[in-house]
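Q: next comes the sequence, and after it the predicted model I'd like to discuss.
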Amino acid sequence: MTQRQRRLAGIVATILFMIVYVLVAMALAGDFAAGAGMLVELTVFIILGVAWMPVVMLLIVWMSRPGR
């Protein structure tokens, strides 16, 4: 796979992952954090707001590898 193809695949995968992640995060936050108190809500939103980063970072590293 050339680097150009890998970037395209990585961008598409990132966008699809983020769409699914945002929907799941909203559902989880709505179920577990809504009305549970400000500290619980803040903790849940911080965790959910940072949890997507490792996956996207792995995709970026994969996209950045030199092509053949």
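A: Nice, I can see it. Since we're looking at a predicted model, the values are computed, not measured. Residues are numbered from 1 along each chain as shown.
Q: so where's this structure uncertain?
A: 67-68 (pLDDT under 70).
Q: ok, which stretches of this structure are helices?
A: 3-32, 38-50, 53-64 (DSSP state H).
Q: TSV please, covering these and showing mean neighbour count.
A: (Glycine included, C-beta is placed from N, CA and C.) Shown next, in TSV, are these (neighbours: other C-beta atoms under 10 Å):
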stretch	mean neighbour count
helix 3-32	13
helix 38-50	12
helix 53-64	12
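Q: give me the most central residue, this structure.
A: Of all residues in the chain, the one closest to the mean position by C-alpha atoms, centre = their mean is Trp52, 3.0 Å from it.
Q: enumerate every residue touching it.
A: Listed by C-beta atoms under 8 Å, 6 or more residues apart in numbering, the contact set of Trp52 reads Phe17, Met18, Tyr21, Ala25.
Q: looking at these, spot the one nearest Val61.
A: Closest approach to Val61 among the contacts of Trp52 (C-beta to C-beta): Phe17, at 14.5 Å.
Q: excluding residues flanking it in the chain, which one is nearest that closest one?
A: Among residues not flanking Phe17 along the chain, Val55 sits closest, at 6.2 Å (C-beta to C-beta, 6 or more residues apart in numbering).
Q: do Met63 as well
A: Closest residue in space to Met63, ignoring its immediate chain neighbours: Gly10 at 3.6 Å, by C-beta to C-beta, 6+ apart.
Q: and the residue nearest to the centre of the chain, how close does it get to Gln3?
A: According to C-beta to C-beta, to the nearest Å, Trp52 stands 24 Å off from Gln3.
Q: give me the distance between the closest residue in space to Ile11 that isn't next to it in sequence and Met53.
A: Among residues not flanking Ile11 along the chain, Met63 sits closest, at 7.7 Å (C-beta to C-beta, 6+ apart). Counting by C-beta to C-beta, the gap from Met63 to Met53 is 15 Å.
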